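Colleague: Curious how this folds, go ahead:
(2 chains)
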Amino acid sequence: MKDETILLAHGSGSRLSHDLIEKNLLPPLTNPLLAKLDDSAVFDLSGLLAFTTDSYVVSPIFFPGGDIGKLAVCGTVNDLSMSGATPLYLSLSFIIEEGLTLGELRNVVGSIKDAAKEAGVKIITGDTKVVNRGSADKLFINTSGIGVIPTGVDISGANAKVGDKIILSGSIGDHGIAVMSQREGLKFSVPVQSDCAPLNKLVSEMLEASRHIHCLRDPTRGGLATTLNEFAQQSGVGIRMEEEKIPVHDGVRAACELLGFDPLYVANEGKLIAIAAPNDAGKILAKMKRNKYGTEAAIIGDVTAEYKGKVILKTRLGASRIVDMLSGELLPRIC
Amino acid sequence: MKYIDEFRDVELAKKVVGRIEQLSTRPTRLMEFCGGHTVSIMRSGLRQLLPPTVEMLSGPGCPVCVTANADIDKAIALAGLPDVIVTTFGDMMKVPGSYASLQQARAAEADIRIVYSTQDALQIAKDNPSQSVIFIGIGFETTAPTIAASILQAESEKIKNYYVLCLSKLCPPIMKALLDLGELKLDGIICPGHVSVIIGSRPYAFIPRDYGVACVVSGFEPLDILMSVEMLVKQIETGKPKVEIAYRRGVNPQGNKIALELMDRVFEIGSADWRGIGVVPASGLKIKKQFERFDAEKAFAITLEPVREAKGCICGAILRGVKTPLDCKLFRKACTPEHPVGPCMVSSEGSCAAYNQYESV
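Modeller: Coordinates of the predicted model:
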């Protein structure tokens, strides 16, 4: 049988819509809150909460190391985690271009299920719309997430202090290069997989090791350089890092050479940067290295009083230069 | 041997820097011709390591940057014709012409597509047989062979809707033009790496012979460039300028025979319009009469408004090496990568973009 495709009618509220939801979306994702199918999910939470939302429009929707579904869960889980929150619940909203195959949708939903399971979060409300061909590009997903912040955790991009250490959880640029390698007109084979991963467990382990983590952020679009610039500006400090301490996989490096990119600006979806008190940096790093998403973690630099609002890179050759934010570049949609 | 890490070896680089310090006794002015070299120098902070006697100027070796406004206007006019698809390298999209950029033309519904090679452009031609597909053929000797190959392929596969707007330019003639201008008083030139893979090192022979200027063909890693600087300083200090190759793993004196033959079959030497320098005789390539049905300039009639230059932009002087981006009043103020006034801020190999991205401290 030819693979069934999604039609406009699948989003019309008709029996077809119900079938799509009941047969294909609910079974993999179900939990008591979702299964009620009321207009809103109703639940009880107390304490300091974190709430975030993100839309995912990556093209292509399947790429080495993941797909748009995994990305939609990990991205929002990571946004919550970077506030120090424990992610609990997600909403999940699909905008589907008519013509997407049911098989593709099922694969994406399967990835959502796996990623949510790994992160320990539940999808508790959702929506499905289908739009005319050309009005979307295959599939767009929005997820919002809610999480609880443990007491004593105070993480913000404005909290970096002079003397703090910069910790990077692993190699940079893998996601951006993995997606770009699949881009239409630019297909090249590199042994690079997207690093797309939920980082909430890594963060909770880091917070177990020390509550003196001042800043946390996942360097997605704009890469490591842009995130560090945000920290420097928000905290009014300088940041100094060393090129040779920053892990970059060979495949990423080679692809960047070829395309004229700088890995410092290439997107990541499973990495974090932490700025932490100098005395605790060592034990945080040791804890990170024991988590599978932190094995290549490294201290790459420190926070300085000099060069306020700027990021300085000591190059391999020993020269120093300013690392600016990403300025507009011709990049594909990568998240 | 990965051929990258070895050329970024810090200890080796320090040794070479030490040797340059010892060798260099007097003010020495070098130009890196190629934009790829400029980026590598800025990115590694190499200028900071050189002794104060060695001055490095950036040259005109960025194919996007040297494309004249008149030629960008032509590309935009072609894109405005009915049933035409213009294909171009991505860097060209944002370059402002006299009145608009290709990007703006695309927003105004011209069909302009970014490609990564002439093969992509040929494929678009095959997929759209009822439309004319024009490739904007910018670049130096590095890209010219692939453009020639695409024309030969279009001929043998009878792809009748493929055209090239041929803007190919040649490096040795423009080096001669710069030296003849006499603005710079150069002691040595770091000759382009990829161009020399194609043409070899022999075409530079006139530079030491007629102008007494030292020449070394360099690769693109920091250590490649340092080695080339060392070789240049040695030539200059001993008063024996010649052409040497530091980029032995890519370049030989006679160049790539197959690529040169391809170029020779399809192109003939003609004049070219260089931004900041003007029309230079015998510094570009034109499509031979035999292949003129692929020549977009011959196949399509377009009308052009008078050429205008952006006020205050000194890209021309920067390309000639007489000014640096830091001398430009617009740099980082009116002219940024988001809102470029001149092409040197657009291309990733442009001097202004490199100075902006990799500012030293």
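Colleague: from here on, contacts and neighbour counts on C-alpha atoms
Modeller: Will do.
Colleague: Residue 163: what secondary structure?
Modeller: Went with chain A since none was named. The three-state label given to residue A:163 by DSSP: H, G, I helix; E, B strand; the rest coil is coil.
Colleague: oops, chain B please
Modeller: Per three-state DSSP, residue B:163 ends up strand.
Colleague: Could I get the contacting residues of it?
Modeller: With contacts defined as C-alpha atoms under 8 Å, 6 or more residues apart in numbering or on different chains, residue B:163 is in contact with B:132, B:133, B:134, B:135, B:151, B:293, B:294, B:295, B:296.
Colleague: Which of these fall within strands?
Modeller: Counted as lying in strands by DSSP state E, out of these, are B:132, B:133, B:134, B:135.
Colleague: Could you report the neighbour count for the last one?
Modeller: By the other C-alpha atoms under 10 Å in any protein chain shown criterion, the neighbourhood of residue B:135 contains 31 residues.
Colleague: Over to the second one?
Modeller: Close neighbours of residue B:133, defined as other C-alpha under 10 Å, add up to 29.
Colleague: That one pairs with what?
Modeller: Taking DSSP bridges as the rule, residue B:133 bridges to residue B:85, residue B:162.
Colleague: Please report the distance of it from residue B:121.
Modeller: In this view, residue B:133 and residue B:121 are 7 Å apart by C-alpha to C-alpha, to the nearest Å.
Colleague: Same question for the third one.
Modeller: Residue B:134 sits 8 Å away from residue B:121, taking C-alpha to C-alpha as the criterion.
Colleague: Spit out the residues that contact the two alike.
Modeller: Going by C-alpha under 8 Å, 6+ apart, residues that sit against residue B:134 and also against residue B:121 are residue B:87.
Colleague: on that earlier part again, residue B:12: which of the ones in strands among the contacts of residue B:163 is nearest?
Modeller: Nearest to residue B:12 among the ones in strands among the contacts of residue B:163 is residue B:135, at 43.5 Å by C-alpha to C-alpha.
Colleague: Which other helices and strands does the lengthiest strand in chain B contact?
Modeller: Scanning chain B for the strand with the most residues, using DSSP E, yields strand B:278-287. Strand B:278-287 is packed against strand B:162-166, helix B:171-181, strand B:267-274, with contacts defined by 3 or more C-alpha pairs under 8 Å, 6 or more residues apart in numbering or on different chains; DSSP states H and E.
Colleague: any idea which of the contacts of residue B:163 is the one closest to residue A:320?
Modeller: residue B:135 (40.6 Å).
Colleague: What residue in chain B comes nearest to chain A?
Modeller: Chain A sits closest to residue B:360 of chain B, with a gap of 4.0 Å, by C-alpha to the nearest C-alpha.
Colleague: For the spatially closest residue to that residue that is not a sequence neighbour, name its beta-bridge partners.
Modeller: Spatially, and ignoring its direct neighbours in sequence, residue B:360 is nearest to residue A:321 (4.0 Å; C-alpha to C-alpha, 6 or more residues apart in numbering or on different chains). For residue A:321, the beta-bridge partners are residue A:313, residue B:360 (DSSP bridges).
Colleague: Was I right to think residue A:321 contacts residue A:314?
Modeller: Yes. The pair residue A:321 / residue A:314 is scored as a contact, 6.7 Å apart, by C-alpha atoms under 8 Å.
Colleague: Angles on the backbone of residue B:277, please.
Modeller: Main-chain torsions, residue B:277, degrees, to the nearest 10: phi -120, psi -30.
Colleague: That one: what's it in contact with?
Modeller: B:316, B:320.
Colleague: same deal with residue B:174?
Modeller: For residue B:174, the contact set (C-alpha under 8 Å, 6+ apart) comprises B:280, B:283.
Colleague: which residues does residue A:168 form a beta bridge with?
Modeller: For residue A:168, the beta-bridge partners under DSSP bridges are residue A:273, residue A:298.
Colleague: Counting neighbours, what do you get for it?
Modeller: Using other C-alpha under 10 Å, residue A:168 has 29 neighbouring residues.
Colleague: is it true that it touches residue A:300?
Modeller: Yes. If you go by C-alpha under 8 Å, residue A:168 and residue A:300 touch, sitting 6.7 Å apart.
Colleague: shared neighbours of the two, which are they?
Modeller: residue A:246.
Colleague: Residue B:140 is nearest to which of the helices and strands packed on strand B:278-287?
Modeller: The nearest among the helices and strands packed on strand B:278-287, by C-alpha to C-alpha, is helix B:171-181 at 6.8 Å.
Colleague: what element comes up after the closest one heading to the C-terminus?
Modeller: Per DSSP states H and E, the first helix or strand lying C-terminal to helix B:171-181 is strand B:188-191.
Colleague: Return the residues in contact with residue A:73.
Modeller: Residue A:73 touches A:90, A:112, A:115, A:116, A:143, A:198, counting by C-alpha under 8 Å, 6+ apart.
Colleague: where does the fifth one land in three-state SS?
Modeller: I take that to be residue A:143. Note that with three-state DSSP, the state of residue A:143 is strand.
Colleague: give me every residue that touches it.
Modeller: For residue A:143, counting by C-alpha under 8 Å, 6+ apart, the contacting residues are A:53, A:54, A:55, A:72, A:73, A:76, A:90, A:91, A:92, A:93.
Colleague: Return the subset of these lying in strands.
Modeller: Using DSSP E, the contacts of residue A:143 in strands are A:53, A:54, A:55, A:90, A:91, A:92, A:93.
Colleague: Mind putting those residues into TSV with distance to residue B:108 and pLDDT?
Modeller: Output for the ones in strands among the contacts of residue A:143, formatted as TSV (distance: C-alpha to C-alpha, whole Å; pLDDT from 0 to 100):
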residue	distance to residue B:108	pLDDT
A:53	33	98
A:54	30	97
A:55	28	97
A:90	40	98
A:91	38	98
A:92	36	98
A:93	33	97
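Colleague: Give me every residue in the stretch 51-200 of chain B lying close to chain A.
Modeller: Neighbours of chain A within the stretch 51-200 of chain B, by C-alpha under 8 Å from any C-alpha of the partner chain: B:90, B:115, B:116, B:120.
Colleague: rerun that using 10 Å as the cut-off
Modeller: Taking C-alpha under 10 Å from any C-alpha of the partner chain, the part of the stretch 51-200 of chain B that reaches chain A is made up of B:90, B:91, B:93, B:94, B:114, B:115, B:116, B:117, B:119, B:120, B:121, B:123.
Colleague: now that we have those residues, which one has the most neighbours?
Modeller: residue B:121 (27 neighbours).
Colleague: That one contacts residue B:112, doesn't it?
Modeller: No. Assessed by C-alpha atoms under 10 Å, residue B:121 is found out of contact with residue B:112, at 11.0 Å.
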